[in-house]
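S.K.: sequence first, predicted coordinates after that:
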There are 2 protein chains.
Amino acid sequence: MAEKVTIADVARVAGVSRQTVSNALNTPEVVRPETRQRVLEVVEELGYRVNLAARQMRTGRSGLIAIRVDPVGDGINGSVFDRFLHGLTEAAAEAGHRLLLYTAADDHKEIAAFEDLLGAHEPDAFVLTSTHHKDLRTSWLLERQLPFVTFGRPWSELPDVRHPWVDVDGAAGTEAATEHLLAAGHRRIAFIGWPPGSGVGDDRRLGWSRALAGAGLDPTGLSRETDDGSVEGEDAARDLLAGDPDITALVCASDSLALGALQVARSPNPAWHAEAYRRIAVIGFDDTPVAKAIGLTSVHQPLTEAAARCMSLLSRALEGTPPSHLLLPPFLVVRQSA
Amino acid sequence: MAEKVTIADVARVAGVSRQTVSNALNTPEVVRPETRQRVLEVVEELGYRVNLAARQMRTGRSGLIAIRVDPVGDGINGSVFDRFLHGLTEAAAEAGHRLLLYTAADDHKEIAAFEDLLGAHEPDAFVLTSTHHKDLRTSWLLERQLPFVTFGRPWSELPDVRHPWVDVDGAAGTEAATEHLLAAGHRRIAFIGWPPGSGVGDDRRLGWSRALAGAGLDPTGLSRETDDGSVEGEDAARDLLAGDPDITALVCASDSLALGALQVARSPNPAWHAEAYRRIAVIGFDDTPVAKAIGLTSVHQPLTEAAARCMSLLSRALEGTPPSHLLLPPFLVVRQSA
DNA sequence: AGGCATGATTTGATCGTTCAAAGTTAGAGA
DNA sequence: TCTCTAACTTTGAACGATCAAATCATGCCT
């Protein structure tokens, strides 16, 4: 390790006191300009860097922002989080913070992780992802008045916004996808989504039905609910197409589902239906690398922007500004599949 | 924030001194068993957690391990790093450490980031990925005797191992891929890789040529060098297949390249060659979600294990054990493409 | 010239932990 | 009984920064 330069060293060389150095760096306006200039020169010359552990001990601020990473999943949808994480790392760095990673298997474990972290590394704030109904984590953090932002809106009954959040307007995404299909002449457009209860899933279904309603079409019988996954998507697509010969397009709640649906759409099995080959359009959600690779039209979430916005809301929260939120519009990336 | 419990609180309640509490936790063997027991009970009861900032100030250890995340790339190969990161987060947590993220655009910037970090958060160690020839980072860290491990072997001239590293045996991977093709009866097997000079790329090419040599086959004219990317892979595949009508299989240095190659292989263009449709086998590298999605046979790297091994080598390095290294074997995941 | 407000800088204390050294206790041996 | 050693525990200092309060300058007004 190189020689450590402390604030006392800088003070000695600059011929001022510790506190003046501290002020020159943290509260420049209370220091006479020429003094500040001299101090800054010495800081530069000696390569002084504030020791955050010492600062943290006094001020309680660590400069850390904690965020959870999940265990390795199927990898398809995981890329969404990863892109967000990369964006957040950069945004945090610009705001003078760094990201600290932790893991947790469920809400309760995550709250235990909060306690661990707060006792040990004392992060200044948390970033939560994948919010859901009855989210224990947000209420826990709110109770303790700990600063945090969620990527994902609060899917709760409470009407008032009590914490900052950023989200992507999923309904607008599926709505745009459905309208794209309508504009292309499709009339029977089905939806493959997740079981009701997940805020994100319900929201994405809503956009689809809204678009159909806008075109005066009846969504009855055109929706399937299944867990996320490629195989599940395949089954749902097969079921839909077999049951309704007029369906010509599928909007899916994720690229995983869409990938499965696409298998069915691209290799129609005569057994489902006796009629001639139907070309089925498929649209996914998240614009993952997989979508790009296989030519799947998909709804793209502006993750880098979302990350940057999360960070700026967090900065404001750390300054004590009352919470606000932001709903970002996604956009459709049109490829071969629709 | 909840009431802070300090070591002094524990000491008071347990009726011992601060230092005894500290010893009970950090050096249990010097404390009488019944004293230790009592202390631990009080620790539990009060929910005491060591304040790492204070500890760090005294011991210099922060409990942090720093790792760089790159800006969002094409996403296909990025997933390799992300899986590694997830594994590392878990492994680090088990060893009582946490991961700290930072970004940097190149080697020089990264060294500047080292300096920033060491002055500020003082990570105990670094994990470096994507090592390369003339890696400035490793020499910088070695000079200062800072603990680190690389995921990626040192691609340098120096014969002696001077730092711990973990890597996946890329040559063994492409060799296995090639042998798989040989076993399936292929005889003209081409390789699409990166320009020479990148250790990883050269290594992967080596495995392919070694397998051919082992089967008594001549690799001349069967290799193409191009930058990474789907389009590049497509061009290279087209070039190879057009130039040599006997080629029946392609081994690629990445899934990105393989994805492009697969486009060519799956939709043969009569213009390249007048003869009948050739079914071309394609094998990629990294077993990304994309490979899984499109049925691409690919070489899988044991990333979770690699992460765990990195962590254990790091733990040893922190204890002062001399550096050692590990070359993990990858394995082939066979899908429809080969 | 004296008093005073204002601005700039310094001093002493403190955050919570661990190190180093000093203190205490109990048991063995003389 | 007294000494000595070994085992255990306590005490004081220090890590490097910032807060709070004190000190020192300076200029303005009466």
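M.R.: Noted; the coordinates are in hand. Remember, it's a predicted structure, so these values are computed and weren't measured experimentally.

S.K.: name the spans of chain A whose pLDDT lies under the cut-off.
M.R.: A:1-2, A:72-76, A:78, A:157-161, A:267-278 (pLDDT under 70).

S.K.: contacting residues for the most centrally placed residue in it?
M.R.: Compute the mean C-alpha point of chain A, and by C-alpha atoms, centre = their mean the closest residue is residue A:151, 4.5 Å away. For residue A:151, the contact set (C-beta atoms under 8 Å, 6 or more residues apart in numbering or on different chains) comprises A:84, A:127, A:128, A:129, A:131, A:165, A:166, A:167, A:306, A:307, A:310. The way it works is simple: take the backbone N, C-alpha and C, and place the C-beta from them, glycine included.

S.K.: identify the bridge partners of it.
M.R.: residue A:129, residue A:166 (DSSP bridges).

S.K.: just confirm residue A:191 is within a helix.
M.R.: No - under the criterion used here (DSSP: H, G, I helix; E, B strand; the rest coil), residue A:191 is strand, not part of a helix.

S.K.: what is the neighbour count of it?
M.R.: Residues near residue A:191, counting by other C-beta atoms under 10 Å in any protein chain shown, number 27.

S.K.: so how far is DNA strand C from it?
M.R.: Per C-beta to the nearest atom of the strand, to the nearest Å, residue A:191 is found 54 Å from DNA strand C.

S.K.: how is chain A partitioned into domains?
M.R.: The record's domain parsing of chain A by automatic domain parsing lists A:7-50, A:64-168+A:303-328, A:170-300.

S.K.: what is the end-to-end distance of the second one?
M.R.: End-to-end distance for domain A:64-168+A:303-328, by C-alpha to C-alpha, to the nearest Å: 26 Å.

S.K.: most neighbours, which of the contacts of residue A:151?
M.R.: residue A:310 (29 neighbours).

S.K.: any idea how far it lies from DNA strand C?
M.R.: Separation of residue A:310 from DNA strand C (C-beta to the nearest atom of the strand) stands at 30 Å.

S.K.: wait, that residue touches residue A:91, no?
M.R.: Yes - assessed by C-beta atoms under 8 Å, residue A:310 is found in contact with residue A:91 at 7.3 Å.

S.K.: OK, contacts around residue A:257?
M.R.: Residue A:257 touches A:192, A:193, A:226, A:228, A:229, A:230, A:232, A:233, A:236, A:284, counting by C-beta under 8 Å, 6+ apart.

S.K.: compare those residues and tell me which is most surrounded.
M.R.: For the contacts of residue A:257, neighbours tallied by other C-beta under 10 Å; top is residue A:284, 33 neighbours.

S.K.: in a helix, it, correct?
M.R.: No - using three-state DSSP, the assignment for residue A:284 is strand, not a helix.

S.K.: for it, which non-adjacent residue is spatially closest?
M.R.: Spatial nearest neighbour of residue A:284, chain neighbours left out: residue A:258 (3.0 Å); criterion: C-beta to C-beta, 6 or more residues apart in numbering or on different chains.

S.K.: about what we covered before: of the contacts of residue A:151, which is the nearest to residue B:200?
M.R.: Proximity of the contacts of residue A:151 to residue B:200 (C-beta to C-beta) peaks at residue A:84, which lies at 27.3 Å.

S.K.: assumed the closest one was part of a helix.
M.R.: Yes - residue state for residue A:84 (three-state DSSP) corresponds to a helix.

S.K.: so who does it touch?
M.R.: A:129, A:151, A:303, A:306, A:307.
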